[in-house]
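Enquirer: build me a model from this:
(one chain, ligands or ions: 2)
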Amino acid sequence: MDNAIVITGGGQRLGLALAKALHSKLTPVVITYRTERESIAELQKLGITCIKADFSTDAGIDDFNQYIQNHYSSLKAVIHNASDWLAESTTVSASVTMQTMMQVHVQAPYQLNLAFQPLLENYYQQNLSTASIIHLTDFVVDKGSKKHIAYAASKAALANLTLSFSALLAPKVKVNSIAPSLLMFNESDSESYKQKTLQKSLMQIAPGEIEGVEAVQYLLNSRYITGHTLHLNGGRHLV
Ligand SMILES: NC(=O)C1=CN([C@@H]2O[C@H](COP(=O)(O)OP(=O)(O)OC[C@H]3O[C@@H](n4cnc5c(N)ncnc54)[C@H](OP(=O)(O)O)[C@@H]3O)[C@@H](O)[C@H]2O)C=CC1
Ligand SMILES: Nc1nc2c(c(=O)[nH]1)N=C([C@H](O)[C@@H](O)CO)CN2
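Expert: Ligands and ions are numbered 1, 2, ... in the order given. This is a model prediction of the structure:
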């Protein structure tokens, strides 16, 4: 199959919204997921290919790469959305926390970008239009986070991959980051946490998945933007 869009972590929230928004007969979407959810069957009914993949090991990354190499000859885009928002804790060692964060946020995008380079360049050759890599980073790349230290460091490394891969792959492939501060809360978030978090930005809302979907569509449609970080932070940097 040709011209596919790969979205990692497409089983819920932003990845799920991206899959539904971007899938079409001309640009079929492939998502990865780890956890069985009703959403997976919903996506399969829409014709979206759902591949179970756990990037916590290099073997898991290799297996997904092999699937793509065996089934696709060109890729329009790869969206590295898969992520674990791990905080430092007393139950998980610092070493395991950092290793876990670097594995999903850096090893997986790094290894898959290198593996998918020929497929992305094939898209350019076949369509005379740039292919795309999009890294989902985070506002904390520029600020750090005292409660998610390893998470923030790994997202900063991911942001640096954007700079290196944009230089390596231009002009056939654009490589950009999207850095949200807050898109949507988690079900476990308390009302007090939500209010405290909303106060941190000028806009004081959680904009929802649609803000991320529209940012991705903007970058996919560009012929010129690369090496860039699109900040979705509601003016948080000015508070
Ligand atoms: N939500 C927000 O407000 C913000 C989000 N971001 C970033 O935006 C992106 C989307 O956020 P959100 O939708 O909340 O993300 P989620 O927390 O919902 O994570 C997305 C998916 O990543 C998958 N995933 C986690 N670890 C692994 C792994 N080791 N291997 C494979 N898949 C894995 C999970 O799959 P499964 O469920 O199938 O196990 C999960 O559904 C993320 O990169 C996030 O860091 C940044 C700032 C704010
Ligand atoms: N993988 C995830 N990363 C992040 C999440 C999330 O739910 N999953 N959430 C946030 C928060 O929105 C934080 O930015 C404000 O509470 C950050 N990253």
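Enquirer: does D84 count as helix, strand or coil?
Expert: Three-state assignment for D84 (DSSP: H, G, I helix; E, B strand; the rest coil): coil.
Enquirer: and the closest residue to it other than its chain neighbours, how close does it get to ligand 1?
Expert: Nearest residue to D84 in three dimensions, chain neighbours excluded: V104, at 5.6 Å (C-beta to C-beta, 6 or more residues apart in numbering). For glycine as for every other residue, the C-beta is placed from the backbone atoms N, C-alpha and C. Between V104 and ligand 1 the distance is 4 Å, computed by C-beta to the nearest ligand atom, to the nearest Å.
Enquirer: list the contacts of V104.
Expert: By C-beta atoms under 8 Å, 6 or more residues apart in numbering, the contact set of V104 is F55, S56, A82, S83, D84, S154.
Enquirer: redo that, cut-off 10 Å
Expert: Residues in contact with V104 (C-beta atoms under 10 Å, 6 or more residues apart in numbering) are 8-9, 54-56, 60-61, 80, 82-84, 86, 151, 154, 158.
Enquirer: tell me which parts of the chain are close to ligand 1?
Expert: 9, 11-15, 32-35, 53-56, 81-85, 104, 136, 138, 180, 182-184 (C-beta under 6 Å from any ligand atom).
Enquirer: pLDDT averaged over stretch 84-96 - what is it?
Expert: Averaged over stretch 84-96, pLDDT sits at 98.
Enquirer: contacts for it next, please.
Expert: The contact list for stretch 84-96 (C-beta under 10 Å, 6+ apart) reads 9, 34, 55-56, 97-101, 103-105, 138, 145-151, 154-155, 186.
Enquirer: is ligand 2 within reach of that stretch?
Expert: Yes - shown here: stretch 84-96 in contact with ligand 2 (C-beta under 6 Å from any ligand atom) through D84, W85.
Enquirer: from the chain's centroid, how far away is the strand or helix carrying K155?
Expert: Here K155 sits within helix 149-169, counting by DSSP states H and E. Its chain's C-alpha centre and that of helix 149-169 lie 12 Å apart, by C-alpha atoms, centre = their mean, to the nearest Å.
Enquirer: then it to CSV, C-alphas only?
Expert: Taking C-alpha atoms only, helix 149-169 is exported to CSV below (Å, rounded to 0.1, in the frame of the first residue of the first chain):
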residue,chain,number,x,y,z
ILE,A,149,12.1,15.2,35.3
ALA,A,150,12.8,12.2,33.2
TYR,A,151,9.7,12.8,31.0
ALA,A,152,10.7,16.4,30.4
ALA,A,153,14.3,15.4,29.6
SER,A,154,13.2,12.7,27.1
LYS,A,155,10.8,15.2,25.4
ALA,A,156,13.7,17.6,25.1
ALA,A,157,15.7,14.9,23.4
LEU,A,158,12.8,14.3,21.1
ALA,A,159,12.7,18.0,20.3
ASN,A,160,16.4,17.8,19.4
LEU,A,161,15.7,14.9,17.0
THR,A,162,13.4,17.4,15.1
LEU,A,163,16.5,19.6,14.5
SER,A,164,18.7,16.8,13.3
PHE,A,165,16.2,14.9,11.2
SER,A,166,14.9,18.1,9.5
ALA,A,167,18.5,18.9,8.3
LEU,A,168,19.1,15.2,7.3
LEU,A,169,15.9,14.7,5.3
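Enquirer: what packs against it?
Expert: strand 75-80, helix 94-102, helix 108-127, strand 131-136, strand 173-180, strand 229-232 (3 or more C-beta pairs under 10 Å, 6 or more residues apart in numbering; DSSP states H and E).
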